[in-house]
Structures are given as C-alpha cells and as structure tokens.
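In: Provided below are the primary sequence and the corresponding predicted coordinates.
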Amino acid sequence: MENTTKMLFDKKSVATLLDVSVPTINRRMKNDKHFPKPLLIGGKNFWSNEQINHYIDTIQSECTSTA
C-alpha cells in the first residue's frame, strides 16, 4: 500500500530539504519555472510533500538528461 500521508512544509523546511538557503528558495520562487507554487495559509507559504517530491524528480531528470 502506498503512503498517502500529506504533509506541508514552510519555506525554511523546504530550504532544509533541498539543502539550500531561504534566499535561494525566494529566488527559485521568482525565477524557476519548475518550482511549485506555494499554498498561502495564514499569510505564510507552504508546499506539500507531493509538490516538493515532484520538483526534486524534475530537477533530477533535467540533470541526467543534460549530462
């Protein structure tokens, strides 16, 4: 059975998951066409684990296709 637990990550958590800084997340939000659009909850940005996993898959496939 597939794990269907949905989790939300704030900007700092996403930065930690991607091993980048929060300013890098801000730049990616502005300039990276593949970076997922956040959910706005209570004035804060959040991303689902599904969005982040898809983004990671996308950038990994781009890296392997250009190598």
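Out: Received, thanks.

In: please make it C-alpha for all contacts and neighbour counts, starting now.
Out: Noted.

In: for the protein, longest helix please?
Out: Assignment by DSSP state H gives helix 49-66 as the longest helix of the chain.

In: measure the closest residue to residue 48 other than its chain neighbours to residue 53 for me?
Out: In this structure, residue 48 finds its nearest non-sequential neighbour in residue 8, 4.5 Å apart by CA to CA, 6 or more residues apart in numbering. For residue 8, the distance to residue 53 equals 12 Å [CA to CA, to the nearest Å].

In: of these two, who's got more company?
Out: residue 8 (17 against 10; other CA atoms under 10 Å).

In: what does that one show for phi and psi?
Out: The phi and psi values for residue 8, taken as degrees, to the nearest 10, are phi -120, psi 140.

In: residues in contact with it?
Out: 46-49 (CA atoms under 8 Å, 6 or more residues apart in numbering).

In: ok, 10 Å please
Out: Neighbour list for residue 8: 14, 38-39, 45-52 [criterion: CA atoms under 10 Å, 6 or more residues apart in numbering].

In: then residue 50?
Out: Per CA under 10 Å, 6+ apart, neighbours of residue 50: 4-8, 56.

In: got a markdown table for these, with pLDDT and distance to residue 24 too?
Out: Putting the contacts of residue 50 into a markdown table (pLDDT from 0 to 100; distance: CA to CA, whole Å) gives the following:
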| residue | pLDDT | distance to residue 24 |
| --- | --- | --- |
| 4 | 74 | 29 |
| 5 | 83 | 27 |
| 6 | 90 | 25 |
| 7 | 96 | 22 |
| 8 | 98 | 19 |
| 56 | 96 | 15 |
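
In: quick one: buried ones out of those residues?
Out: With burial judged by 16 or more other CA atoms under 10 Å, the buried subset of the contacts of residue 50 is 8, 56.

In: mind listing what's buried in stretch 11-19?
Out: Applying 16+ other CA under 10 Å to stretch 11-19 flags 11-12, 14-15 as buried.
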